Every structure is written in C-alpha cells, then in structure tokens.
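Chemist: A predicted structure for the sequence below; I have some questions about it.
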Amino acid sequence: EDQVTQSPEALRLQEGESSSLNCSYTVSGLRGLFWYRQDPGKGPEFLFTLYSAGEEKEKERLKATLTKKESFLHITAPKPEDSATYLCAVPSPPGANNLFFGTGTRLTVIP
Amino acid sequence: NAGVTQTPKFQVLKTGQSMTLQCAQDMNHEYMSWYRQDPGMGLRLIHYSVGAGITDQGEVPNGYNVSRSTTEDFPLRLLSAAPSQTSVYFCASSRDRTNEKLFFGSGTQLSVL
C-alpha cells in the first residue's frame, strides 16, 4: 500500500534558523513527488514536482530534494511569512493526477 | 482569472439534509477533483473528472455524488449528510490528467450536526 509520512508534525524556528522537513514514501513505481504549501483557511498551493533521485528544485528560500526513499524540503534563513503547513504528495495510482497526501508539517517561524 | 472558486465558504447542516457544494474554474482545465481534509489525516480524494461527462470515484466516495456537465463546473452533492462528513472540502483542477500542477480552491468548511 502506498504510504507517505511527513516529519516532524510541527516545527518552530527562529527567523534565520535553517532546517529541513522530511517526506518519506513507499510507492511502487514513483511517478513524481509533489510539495504544496497551505496557509490557514486556504487551499494548498503548488511548490515543486520532483521526478528522479538526485533532482533538486529551488524557489526563494526553499529547496526540495529527492532520494529513492524520501524527499527533503530545506528552508534556508526562514522568515515569518514562510509559516505554513507544508504537504507532500505522490500520484496514486502512478501516472494519474490523483494525489495521495501526507499529513503535513506545520512550520512556525518566530520573528 | 479567478482560478478555482468554491461556494459556500461555511455551511452547517443537520443530519439527513442534502446539499451541493459548488466548484467552478475559469482556466479551461480538463481535470477536476474533490478532496476532503480532516485533522490528523492527509487530504483524501473523493471524486474526480477528466473531462465533461466523465467522472470516477476516488478513495472515499461513499455518501457523495458528482456530475460534470460543463468543463467549468464540478459540483459535489451530499445526499444525506452524516456527522462523519464534517470536514473541510477542497476542489482542485489541472490542465489535464497528465499535468501535475493542481490549483485548489479556498475550501468549504462543513459541519453536520
């Protein structure tokens, strides 16, 4: 059975304190891993798609990486506006646009 | 472009009542879907559509109906609301079923008493 596990559940950082969020997956025939950001009271917003081990993508202070078993979302020198819940997801079944989501990491960046 | 628009934003129902959650997109997207989000659980797919006239079930379809008569609209119907359907519902769309970038609406918070 496809599984996506995110850790930690919650993370509090001081402004400027870099860290990483983890998304581990057990999916047969991975066809991409997706990262979304969700602000309170809003729908998820697309951040990245990664397709193969070793791939990296960056956007401002965020960098996503992928290995054969997990993905990391690195946050460098975060700012309070980076506070949000970060979700990872995989297609289920593989190749479809239907996504299987993890439960997310709630990030709080303290000024 | 408004993107994906969901109405209402909040709704309270009594057990057994029926209602329709509305979803419309103005991006001419072929693919649309409905998810529910519950505390401690990931977003779970309810139903999806790959084009007008085509719908299919997702992970948790029981108690919900959908139809897709136009490209723009994808309403979700609760036939006889139950407390277990208390949740936040999100509609999403993408260009087609092979394009991974989903655009989400802002959600409908539903409480069933």
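Modeler: Nice, I can see it.
Chemist: what's the burial count for residue 11?
Modeler: If you meant another chain, say so; for now it's chain A. Residues within reach of A:Leu11, counting by other C-beta atoms under 10 Å in any protein chain shown, total 17. To be clear about C-beta, it is placed using only N, CA and C from the backbone, and glycine gets the same treatment.
Chemist: ah, I was thinking of chain B
Modeler: The burial count assigned to B:Gln11 is 17, neighbours taken as other C-beta under 10 Å.
Chemist: which element is it on?
Modeler: Assessed by DSSP states H and E, B:Gln11 sits inside strand B:10-13.
Chemist: residues of chain B that sit close to chain A?
Modeler: Residues of chain B found near chain A (C-beta under 8 Å from any C-beta of the partner chain) are B:4, B:31, B:33, B:35, B:40-45, B:48, B:58-59, B:90, B:92, B:94, B:96-107.
Chemist: mind giving me the PyMOL select for the residues you listed, buried ones only?
Modeler: Isolation of the buried members of the residues of chain B next to chain A (16 or more other C-beta atoms under 10 Å in any protein chain shown) is achieved in PyMOL through the command below:
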select buried, chain B and resi 4+31+33+35+42+43+44+45+48+58+90+92+94+97+100+102+103+104+105+106+107
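Chemist: now, the residues of chain B next to chain A that are in strands?
Modeler: Here DSSP state E is the test, and the residues of chain B next to chain A give B:Val4, B:Tyr31, B:Ser33, B:Tyr35, B:Arg44, B:Leu45, B:Tyr48, B:Phe90, B:Ala92, B:Ser94, B:Phe103, B:Phe104 as lying in strands.
Chemist: past the worst-scoring helix or strand of chain A on mean pLDDT, which element shows up next along the chain?
Modeler: Of all the helices and strands that make up chain A, the one with the lowest confidence by mean pLDDT, DSSP states H and E is strand A:99-101; it has a mean of 89. From strand A:99-101 onward toward the C-terminus, using DSSP H and E, the following helix or strand is strand A:105-110.
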